[in-house]
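Peer 1: Let me see the structure of the following:
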Amino acid sequence: MRKLYVLLVLLAYSLHANAQPLKVCTNEWPPYTALVDGQVRGIDADLLHLALTNLGISYEITLEPWRRCLRKMSDGQLDILLDAFYSEDRARHMIFPDEPMAESAMVLFYATARPHRIDSIEDLRGLRVGTEPGYAYGDPSFARATHFVRESAPTLEANFGKLLLGRIDLVITDRAVGLHTANGLGMQAAIDFNPQPLYSDRVYAAFSRKPGTAALLPRFERELKRLKASPEYAEILRRYLQPVTIEQSETRTD
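Peer 2: Sure, this is the predicted structure:
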């Protein structure tokens, strides 16, 4: 009887926890996340919405400065941190699914008036590279190197402004994000990038370790993996002018 009572208590706790909408936080990172007509949209925002909706899970999402999202996650105020790069420090207080939201090609942007052709991290010697606060740059060679200067700015827009002014030599960011931002600022002719990624990384919907939230992770992983191979995801990619694979564009019946 005692075991049955414990199971009933745990079930009640789980139902109560899941009755409340999950709290999701991310920052503006178009085309993955952006504020569009008062709503959080973008490739990964739309994909997360589709996955959670298919699972019957309600949620509330906010766009906030990245450091604030990180702090809220650390303080237990959030359930999901959307578009987080993995780091060992973050893994102490959040769970990273096996399936990422997206693969991120991290490239180096430069001013076309002052091109810097970079083939490897060693080629950064003596240069100033624009970064953003709170971001986890996952390649150890880049994160720990001391032969170049990392110079942080509050936003990617600010980094691009510094780039055009010659205050920094390069800006590291996700390729799709950099192109989208440069186009939005009307800087596409003044800024270019090295086509060879400096490294590639993955971004995740990281889950809180709170029991009620963590219990949802296996279902979410399965649904996310299914969706990413589906025509539904292909349509999301087309919506934001991103390349679509043949496998995604095929109609599936399984």
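Peer 1: Could you count how many residues lie near the residue lying closest to Cys69 once chain neighbours are set aside?
Peer 2: What sits nearest to Cys69 in space, not counting adjacent residues and going by Cβ to Cβ, 6 or more residues apart in numbering, is Cys25, at 3.9 Å. The way it works is simple: take the backbone N, C-alpha and C, and place the C-beta from them, glycine included. Cys25 is flanked by 25 other residues according to other Cβ atoms under 10 Å.
Peer 1: Over to Ala113?
Peer 2: Other residues within reach of Ala113 by the criterion other Cβ under 10 Å amount to 10.
Peer 1: do the same with Arg92
Peer 2: When neighbours are defined as other Cβ under 10 Å, Arg92 has 9 of them.
Peer 1: gap between it and Tyr86?
Peer 2: 12 Å (Cβ to Cβ, to the nearest Å).
Peer 1: what does Leu224 give?
Peer 2: Look at Leu224 and Tyr86: by Cβ to Cβ, they are 16 Å apart.
Peer 1: The two: which is more packed in?
Peer 2: Leu224 (24 against 17).
Peer 1: does that one sit in a helix, a strand or a coil?
Peer 2: With DSSP: H, G, I helix; E, B strand; the rest coil as the basis, Leu224 sits in helix.
Peer 1: now the one 3 residues further on
Peer 2: Three-state call for Leu227 (three-state DSSP): helix.
Peer 1: Wait, it touches Thr53, no?
Peer 2: No - the criterion here is Cβ atoms under 8 Å, and Leu227 misses it with Thr53 at 10.7 Å.
Peer 1: between those two, which one's more packed in?
Peer 2: In this view Leu227 and Thr53 are compared by other Cβ under 10 Å, and Leu227 has more residues nearby, 19 against 12.
Peer 1: Now do the contacts for that one.
Peer 2: Residues near Leu227 by Cβ atoms under 8 Å, 6 or more residues apart in numbering: Leu47, Leu50, Ala51, Asn54, Tyr233.
Peer 1: Most neighbours among the residues you listed, which one is it?
Peer 2: Within those, most neighbours by other Cβ under 10 Å means Ala51, with 24 neighbours.
Peer 1: for that one, helix, strand, or coil?
Peer 2: Recorded secondary structure, Ala51: helix (three-state DSSP).
Peer 1: Pretty sure it sits against Leu224.
Peer 2: Yes - with contact defined as Cβ under 8 Å, Ala51 counts as touching Leu224 (5.1 Å).
Peer 1: Disregarding residues adjacent in the polypeptide, which is nearest to Asp98?
Peer 2: Glu221 (5.9 Å).
Peer 1: and Phe142, that's in a helix?
Peer 2: Yes - judged by three-state DSSP, Phe142 forms part of a helix.
Peer 1: so what pLDDT did it get?
Peer 2: Here, the pLDDT recorded for Phe142 equals 95.
Peer 1: Same check on Ile246?
Peer 2: 55.
Peer 1: Tell me if Val203 really is in a helix.
Peer 2: No - read with three-state DSSP, Val203 is strand and lies in no helix.
Peer 1: secondary structure class for the spatially closest residue to it that is not a sequence neighbour?
Peer 2: Distances taken as Cβ to Cβ, 6+ apart place Asp83 nearest to Val203, at 4.6 Å, with adjacent residues excluded. What three-state DSSP gives for Asp83 is strand.
Peer 1: residue contacts, Asp83?
Peer 2: When contacts are counted by Cβ under 8 Å, 6+ apart, Asp83 touches Thr26, Asn27, Trp29, Tyr32, Thr33, Asp44, Met101, Ala102, Val203, Tyr204, Ala205.
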